[in-house]
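In: Quick one, structure for this:
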Amino acid sequence: MEPVSNDHEGPLAEFTALRQEIEARELRRQSLFNLHVTASGAVLGYTISPYGSSLVALILPFTTYLFCARYVTHSGFVQEIGRYIREELSPKVPGGLHWESWHAAQPRLVRIPRFALPTMVAFPCVSFVALCWCLSPVFGGWAGAGVAARLVVLLAWLAGCYALFLTYRLASDIDRRWRESENSV
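Out: Predicted structure coming up:
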C-alpha cells in the first residue's frame, strides 16, 4: 500500500488564510466606502445649511481622492490574491481550487453603465458636485476680498479639479481591472 501524500495541506492552509485576507480587505473596503459617503453627505449638508459656507465643499475633492485611493488599493490586493489562488495554489491541490475560477467566470447579474457604477457615483461624482457647488463663490461675489484671498480660493478650486481627475482615473481603474479579470478566465 502506498503512503498517502499530504502535500496539499500546506496549500489548503494558505488558501484558507488568503480567503480570510480577502474577507478582511473587503470589509475594510466597504467601511471606507460607507465612511466616505457619510462624511461627504455631512460636508455637503453643512454647506447648504444657513450657517455653512459653500467653500467648505472644496475639501471634498481631496478627501474623496484619499478615500478612493485606499479603496482602489484594497481592490487591487483582492484581485491579486484571487489571481495567486487561481494560478499558484490551485495546481498544488489534487482536484484544484476552483472557487476563484468559477466565481470569475460567472456572468454579471446586472450590466451597469460605467457612469452609474457605485464607485463612479460615490467618488468622482461627489468631487464634481462639490466643485460645481463652489463655482459661484470661487468666480464671483468677492467684492470685498483681497487679491491674495481670491488667488488662494482659485488655486484650491483648481487643485480640487486635479484631485477630481486623479479620482476619476482611480475609479476607472477599478472598472477596467474588473472587466479584464472577467475576460481573462
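In: Provide the contact partners of the strand or helix carrying A69 at residue level.
Out: Using DSSP states H and E, A69 sits in helix 60-84. For helix 60-84, the external contacting residues (CB atoms under 8 Å, 6 or more residues apart in numbering) are 18, 21-22, 25-26, 28-29, 32-33, 35-36, 39-40, 43-44, 100, 103-104, 119, 123-124, 126-127, 130-131, 159-161, 163-164, 166-167, 170-171, 173-174, 177, 181. Just so you know, the C-beta spots here come from the backbone N, C-alpha and C atoms, and that holds for glycine as well.
In: can we see that at 6 Å?
Out: For helix 60-84, the external contacting residues (CB atoms under 6 Å, 6 or more residues apart in numbering) are 18, 22, 25, 28-29, 32, 36, 40, 43, 100, 123, 126-127, 130, 160, 163-164, 166-167, 170, 174, 177, 181.
In: same thing with stretch 111-124?
Out: The contact list for stretch 111-124, computed with CB under 6 Å, 6+ apart, reads 37, 64, 68, 167-168, 171, 174-175.
In: ditto for stretch 85-93
Out: For stretch 85-93, the external contacting residues (CB under 6 Å, 6+ apart) are 8, 11, 15, 18, 96-97, 100-101.
In: how does it look with 10 Å?
Out: Outside stretch 85-93, the residues that touch it by CB atoms under 10 Å, 6 or more residues apart in numbering are 7-12, 14-15, 18-19, 22, 81, 84, 96-104, 181, 184-185.
In: coming back round to it: want to throw the contacts of stretch 111-124 into a markdown table with neighbour count, pLDDT and distance to H74?
Out: Formatted as a markdown table, the contacts of stretch 111-124 follow (neighbours: other CB atoms under 10 Å; pLDDT from 0 to 100; distance: CB to CB, whole Å):
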| residue | neighbour count | pLDDT | distance to H74 |
| --- | --- | --- | --- |
| V37 | 16 | 95 | 16 |
| T64 | 28 | 97 | 16 |
| C68 | 28 | 95 | 11 |
| T167 | 27 | 96 | 16 |
| Y168 | 18 | 94 | 19 |
| A171 | 24 | 90 | 13 |
| I174 | 19 | 77 | 10 |
| D175 | 14 | 74 | 15 |
